[in-house]
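Trainee: Quick one: sequence and predicted model below, then my questions.
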Amino acid sequence: MKRGPVRVLSLLLAALLLAGCGGAATQSPGSSAPSNSSGPGDSSDTAAPSDSASQADTSEPIEIGVITSLTGSEAKFGEAHMRGYEIALEEINAAGGVLGRPLKLVVEDDASKPENAISAAEKLATQTKVPLIIGSYTSAATLPAAQTATKYQVPFIVPTAAADNITEFGSKYVFRINSPSSEYANTAINFLMDQVKPQTLAIIYENTNFGTSTAQPAKELAEKAGIQVVAFEGYAKGAPDFKPMLSQVKSKNPDAVLFVSYLLDATLLMRQIRELDFNPKVYIGAGAGFSTPEFVREEGAGKDAEYTFSATLWTTDVTWKGAREFTEQFIERYGVEPAYHSAETHAALYLVKDVLERAGSLDRQAVRDALAATDLDPDATIFGPVKFDEKGQNAHPMLVTQVQNGQYVTVWPREYAAADPILPTPTWSERK
Amino acid sequence: MELLAQLPQNLVSGLLLGGMYALIGAGLALVYGVMDIVNMAHGAFLMVGMYTTYLLVTHLGIDPYVGILITAPVLFLMGMLIQRLVIHRVATASHMNQILLTVGLSMVLVNTAQLLFTADYRQVRTSYAETVIRIGGVAMNLAYIISFAVAVAITVALYWYLMKSEFGRALRATAQDLHAAQLMGIDVQRVQMTAFGLGMALAGAAGALLTPVYYLYPTVGENFGLKAFTMVVLGGMGSVVGAALGGVTLALAESMGQIFVGHELKDAIGFIVFVLVLLLRPQGLFGRARA
């Protein structure tokens, strides 16, 4: 056989092989794991759907699209998401599934990068027949994914991302279970006014969608409440050294410091604050890093986390139905306490069950309308009530915790509190 | 002016961080500045050094700094192996091919780390990383001070080695003109392997220094890999010590810049300084003007 045709043939063969193996389109250099994992039952990347309306076949499981960060800097939270999904999935399928069919998750990994979240949403919208998508973790990844889902008219449930702009771009397809950033700011400032009454406040925030969308409202609310904001410092995430910035903030002598940070930066910030011997009366975080299980352990800030407050969405000692049992099951299976991220995804699947049953079909428009009409009372999910306003935002009730003896304890509002807050915060030298 | 009151802390913080940056830059300089190989896996090498240090601490109880005596040789051997098996093939190829290959190499290393260690963040706590030295109004982490001292020592030793030893001369000759060096009887292949091995060993040493004061996870190298190129060019292509000083300069720029702008813009300041140096002195701070 001549050389030319052999070359062309082998090129063609290679191209076909690559196309067949395709599905790793959502990865970028530096990311890894298979682009999928799914709940019990089997897992396979969705092969391109057959031309017929695939999910209408009632003997097949209902596929739900999920985007989260299985790899990359936020992989810990992707793991937390998946754990919540897994427990809920088992419970729902054991109880008969949804519309008489088991649920199955089609999971896409955004590798903690926004650009991958976009391609993940696109893939789920166009290459599968999922009636809705749930995702992701960071606001930076969730916003573009939500915009993409809106473009393709696929209902999009947000379980975790907090940036306000996610429900503010006029989409009819985005529904958020958790509170937006401004609520964190609201809760933190309300707590400060109620329990601390500071004259001055410093706000330290990550310079991203997540950070700025909480820090800005916090500043405005503080000023409206008569608190002087003496420092408003954005920082670049992942930096090894915050000392110049922290020493600047220390020189302004704030009564309280509000942080908007993810875990890694929260850890270094508290360590370096101790090094600088910086002693405001109160450290309060707006959730995220300051609320994760790792933060109080040696992997995180450890002892340096003691006495810090945080506005949070959910605690293991909250009174909503099923939360206690969920916590126990979680500890038994995974050896650690669940954080609110797992509670959010657990509730998200129960929401999906309720929505699909009310819609009675998997048609995306019907599902969207059912989502908009949701009205679940506080005991319907372990995450409390779910009812969306006209922008798709749920009015979730928030809590404040304090780290006492290495544990997160609910201290506010008083009607949900398990203990009193310890105020003022002991100085670093007093703590030895 | 109250901003001036910040000067001492910023200066010291920048200098100390600069020590670690310097090793990262020097490591890449050997490979990129001297051997002209665009190595996009340098950040991944740093990560390998950090995990090696982590293993030494948790399984053998060896201090991270003492562990450099093991980490560096281990990574040196790895580097030589990688050069011989992988990099060798693109040593004289276009930069584009080198980029593609080293990006792939980086992916392999990162994913292997992910497989072996999962994506969990890990921290290594040492007593001196919890110790603070306070002089005047400036607070310094003892681990940073030690890291700086070790980085200086390694850089000085490296400079002496490159200038005085037979290998150093062979390396400089190979960098100047590969074929002429071959004609002179230099075993170019061995020189390239050794240089790459040294580059990886330096990245590993930098990782060891960073471990007590930072956190590790598989993609941690991304935070430093790209900056390393800035340091090499800032210092001047072809100058290993130049890159080390370039690293210190970059860290200082980032830190001192925070007197005027917020922490969020520190990387921008670093790059502005980089661009200014290139405009005013294209050969870098310590490089020779290219023919």
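Mentor: Received the coordinates, thanks. None of these values were measured; they are calculated from a predicted model. Residues are numbered from 1 along each chain as shown, chains lettered A, B, ... in the order given.
Trainee: Next, please give the residue ranges for the strands of chain B.
Mentor: Remark: strands assigned in chain B by DSSP state E are B:132-135, B:138-141.
Trainee: chain center to stretch B:171-190: distance?
Mentor: With CA atoms, centre = their mean, to the nearest Å as the basis, stretch B:171-190 stands 25 Å off its chain's centre.
Trainee: ok, now stretch A:234-246?
Mentor: Centroid separation for stretch A:234-246 versus its chain: 23 Å, with CA atoms, centre = their mean.
Trainee: Does that stretch reach chain B?
Mentor: Yes: contact of stretch A:234-246 with chain B (CB under 8 Å from any CB of the partner chain) involves A:234-236, A:238-245. To be clear about C-beta, it is placed using only N, CA and C from the backbone, and glycine gets the same treatment.
Trainee: And those, which of them are buried?
Mentor: Using 16 or more other CB atoms under 10 Å in any protein chain shown as the burial test, the residues of stretch A:234-246 next to chain B include A:234-236, A:238-245 as buried.
Trainee: check contacts around B:Ala244.
Mentor: B:22-23, B:25-26, B:29, B:151, B:155, B:235 (CB atoms under 8 Å, 6 or more residues apart in numbering or on different chains).
Trainee: and with 10 Å instead?
Mentor: B:18-19, B:21-27, B:29, B:151-152, B:154-156, B:158-159, B:202, B:231-232, B:235, B:286 (CB atoms under 10 Å, 6 or more residues apart in numbering or on different chains).
Trainee: neighbours of the residue in chain B positioned nearest to chain A, just the number please.
Mentor: Closest contact between chain B and chain A, by CB to the nearest CB, is at B:Ala119 (3.2 Å). The local packing of B:Ala119 (other CB atoms under 10 Å in any protein chain shown) involves 22 other residues.
Trainee: shouldn't it be in contact with A:Glu74?
Mentor: Yes: judged on CB atoms under 10 Å, B:Ala119 makes contact with A:Glu74 at a distance of 8.9 Å.
Trainee: residues shared between the contacts of the two?
Mentor: Here B:Ala119 and A:Glu74 have A:Ser112 as joint contacts, going by CB under 10 Å, 6+ apart.
Trainee: What is the neighbour count of the residue nearest to B:Val213 when sequence neighbours are not counted?
Mentor: Leaving aside its sequence neighbours, B:Val213 sits nearest to B:Ala143 (CB to CB, 6 or more residues apart in numbering or on different chains; 5.1 Å). Neighbourhood size, B:Ala143 [other CB under 10 Å]: 23.
Trainee: quick one: contacts for B:Ala143?
Mentor: Contact analysis of B:Ala143 by CB under 10 Å, 6+ apart lists B:16, B:64-65, B:126-131, B:209-214.
Trainee: need the residues of the stretch 101-250 of chain A near chain B, please.
Mentor: By the criterion of CB under 10 Å from any CB of the partner chain, the positions of the stretch 101-250 of chain A lying close to chain B are A:111-112, A:204-208, A:211-212, A:232-248, A:250.
Trainee: Helix, strand, or coil at A:Leu70?
Mentor: coil (DSSP: H, G, I helix; E, B strand; the rest coil).
Trainee: Give the bridge partners for the residue lying closest to it once chain neighbours are set aside, please.
Mentor: Excluding the flanking residues, the one nearest A:Leu70 by CB to CB, 6+ apart is A:Asp109, at 4.0 Å. Beta-bridge pairing for A:Asp109 (DSSP bridges): A:Thr68.
Trainee: Return the distance of A:Asp109 relative to A:Ser136.
Mentor: Per CB to CB, to the nearest Å, A:Asp109 is found 10 Å from A:Ser136.
Trainee: Quick check: neighbours shared by the two?
Mentor: Common neighbours of A:Asp109 and A:Ser136 (CB under 10 Å, 6+ apart) are A:66-69, A:78, A:116-117, A:120.
Trainee: And A:Ile134, which helix or strand is it part of?
Mentor: strand A:133-135 (DSSP states H and E).
Trainee: and that strand, which strands flank it?
Mentor: As defined by DSSP bridges, the strand partners of strand A:133-135 come to strand A:62-68 (parallel), strand A:156-158 (parallel).
Trainee: tell me the most buried of those strands?
Mentor: Burial of the strands paired with strand A:133-135 is given as mean neighbour count (mean count of other CB atoms under 10 Å in any protein chain shown); strand A:156-158 ranks first at a mean of 29.
Trainee: Just the closest residue of chain A to chain B, please.
Mentor: Going by CB to the nearest CB, chain B is nearest to A:Ala75 of chain A, at 3.2 Å.
Trainee: Before I go, just wanted to say thanks for your time.
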